[in-house]
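Enquirer: Quick check, what structure comes out for this input:
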Amino acid sequence: MVIDLRNAENRFSELVKLAAKGEEILITVRGKPMVKLMGVVAGHHADDRAAWIDELTVAAAREAVRNSVATTQAYWDESRSERRAGSRDS
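Expert: Residues are numbered from 1 along each chain as shown. Prediction:
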């Protein structure tokens, strides 16, 4: 549904109910699209949520592996600290 801002202001409650049921409402200002009103859960199914959770789980695992891999700078920093600690012990 496309509606101008003036009419959207007068029918806001109705538009919110429509959006919650899955309809997308495009609000225009002077004929130009400015805002899309749509429900938060509209159009999402349990399968979509499960796929999204799986995708997030994989991404989190990937990020955990990336963070555990030493960078070149981390290697040199560790190496320097070990040398400093060794020279203090002598």
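
Enquirer: tell me which element the residue nearest to the spatial centre of the chain falls in.
Expert: By CA atoms, centre = their mean, the chain has its centre lying nearest to Leu56, at 10.4 Å. Following DSSP states H and E, one finds Leu56 within helix 46-68.

Enquirer: Could you do Gly22 as well?
Expert: Counting by DSSP H and E, Gly22 is part of no helix or strand.

Enquirer: Share the number of residues neighbouring it, please.
Expert: Neighbourhood size, Gly22 [other CB atoms under 10 Å]: 12. Glycine gets a C-beta too; all of them are placed from N, C-alpha and C.

Enquirer: Going forward, count from 150.
Expert: Renumbered: residue one is now 150, and that last one reads Gly171.

Enquirer: Hmm, it is touching Val189, no?
Expert: No. Counting by CB atoms under 8 Å, Gly171 stays clear of Val189, with 11.0 Å between them.

Enquirer: For the residue nearest to Ala157 when sequence neighbours are not counted, name its beta-bridge partners.
Expert: Distances taken as CB to CB, 6 or more residues apart in numbering put Ile176 closest to Ala157, at 4.8 Å, once the chain neighbours are dropped. Beta-bridge partners for Ile176, by DSSP bridges, are Ile152, Val184.

Enquirer: Ile176 touches Ile152, doesn't it?
Expert: Yes. Taking contacts as CB under 8 Å, Ile176 lies within contact range of Ile152: 6.0 Å.
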